[in-house]
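In: Can you look at this prediction? I've put the sequence above it.
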Amino acid sequence: AQAAAARGLKPVLAGRNTRAITQLGESLGLPHQCFDLHDQQALQQTLADHRVILNCAGPFSATSQPLIDACLATGCHYLDITGEIDAFVAAQARQTDAEQANIVICPGVGFDVIPTDCIAARLKQELPDADRLALGFDSRSALSPGTAKTSVEGLKYGGRIRKDDRIVSVPLAYQSRDIDFGNGTKHAVTIPWGDIATAWFSTGIDHIEVFLPMAPSAATRLRRLDRLRPLLGLPPVQALLKYLVARRITGPDSHERESARSYVWGEAQNRAGRKVVARIETANGYDVTVEGALMAVNFLLQEEPAPGYYTPSRLLGTDCIEKLPGSGSMQIE
């Protein structure tokens, strides 16, 4: 909201907490209103006068579908900053609905998943017959409350990869390998990241894994935690963990964001064993999210793309990550 105001944009700020939204709106001189996502009629009345909505309220398992339903009913373009696999799959299933409603649906216009999606698309261009794709990133930024709550929700699902054209559940820290993300070789393990869905939409590659650096000792503890997945998925346990997140996690401040760069990596391989690697250094993930989301908003306010479901690289171009402040050029090997 602050970045949008600084650029001269006049978004209507919205949410469910009247006091918080009013305070933010008045501090920035922006219009504001509150509504309940469960009241579809009121939601449609609210969106009827708007061209684009940017949903920044996670977990998106709770917020994306009511907003997409309202967008389809009112002709409002839908954007969000999710990284949740199931949210991407559900949004992609509305492709035909989006075409009929003449709107764009493009989730994931933040750090989840702009950098990795651009790398995936570029690797597919470099190696068109690739049948395996590995992606990953190294970011030392602290978690925001929303990201932490999404991670809590994901515990019950364990790990996930795409194998033989299907998204399959696997144990936490299922695979491990040593990877140079662009800042030195580190031990890394698989994580259930949004590209398990989006990279397939962007490339058609049917075997996809996403990696995150993790010390071997921490990976071992995570594998042990996998045995408790049935317990971690129970509603009371989920509620307790989210309560603790809300109490203890505040997210990185501006100084922490400035000092925490992100390094993004990808590797495509074909059946003959040929490999192509891509890397890019970007700003902190939360700053990438702000800039990427506003780039997508401006694009839809100025352009008229064909209606339907999009991944970020398909909507904004495979080089859109390189256009964001703090990003370097993508290096291909």
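Out: Structure received.
In: my hunch is that residue 82 is in a helix, does that hold up?
Out: No: read with DSSP: H, G, I helix; E, B strand; the rest coil, residue 82 is coil and lies in no helix.
In: Relative to residue 59, how far out is it?
Out: Using CB to CB, to the nearest Å, residue 82 is found at 8 Å from residue 59. C-beta coordinates here come from the backbone N, C-alpha and C atoms, glycine included.
In: Name the residue in these two with the higher neighbour count.
Out: Shown here are residue 82 and residue 59; by other CB atoms under 10 Å, residue 82 has more neighbours (28 against 19).
In: what sits against the more buried one?
Out: By CB atoms under 8 Å, 6 or more residues apart in numbering, residue 82 lies in contact with 55, 58, 60, 64, 88, 107, 108, 112, 194.
In: Surely the last one touches residue 84?
Out: Meaning residue 194. Yes: counting by CB atoms under 8 Å, residue 194 touches residue 84, with 6.4 Å between them.
In: those helices in the stretch 51-200 of the chain, which residues are they?
Out: Taking DSSP state H, counting those that start in this stretch as the test, the helices found in the stretch 51-200 of the chain are 60-74, 85-92, 95-101, 114-126, 145-154, 195-203.
In: Generate JSON lines for those, with mean neighbour count, distance to residue 33 and mean pLDDT as supplementary columns.
Out: Output for the helices of the stretch 51-200 of the chain, formatted as JSON lines (neighbours: other CB atoms under 10 Å; distance: least, CB to CB, whole Å; pLDDT from 0 to 100):
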{"stretch": "helix 60-74", "mean neighbour count": "20", "distance to residue 33": "14", "mean pLDDT": "95"}
{"stretch": "helix 85-92", "mean neighbour count": "22", "distance to residue 33": "24", "mean pLDDT": "96"}
{"stretch": "helix 95-101", "mean neighbour count": "16", "distance to residue 33": "23", "mean pLDDT": "98"}
{"stretch": "helix 114-126", "mean neighbour count": "26", "distance to residue 33": "29", "mean pLDDT": "98"}
{"stretch": "helix 145-154", "mean neighbour count": "20", "distance to residue 33": "21", "mean pLDDT": "72"}
{"stretch": "helix 195-203", "mean neighbour count": "26", "distance to residue 33": "31", "mean pLDDT": "96"}
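In: want to throw the ones you listed into CSV with distance to residue 30?
Out: Putting those into CSV (distance: least, CB to CB, whole Å) gives the following:
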stretch, distance to residue 30
helix 60-74, 19
helix 85-92, 27
helix 95-101, 27
helix 114-126, 25
helix 145-154, 21
helix 195-203, 31
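In: closest to residue 300 out of the ones you listed?
Out: helix 60-74 (11.6 Å; CB to CB).
In: Packing partners of that closest one?
Out: Helix 60-74 sits against helix 40-47, strand 52-55, strand 77-80, helix 85-92, helix 95-101, with contacts defined as 3 or more CB pairs under 8 Å, 6 or more residues apart in numbering; DSSP states H and E.
In: Give the pairing partners of the third one; include direction for each.
Out: It stands for strand 77-80. strand 52-55 (parallel), strand 104-106 (parallel) (DSSP bridges).
In: ok, residues contacting the first one?
Out: Counting by CB under 8 Å, 6+ apart, strand 52-55 makes contact with 11, 47, 63-64, 67, 71, 76-82, 109, 293, 296-297, 300-301, all of which sit outside it.
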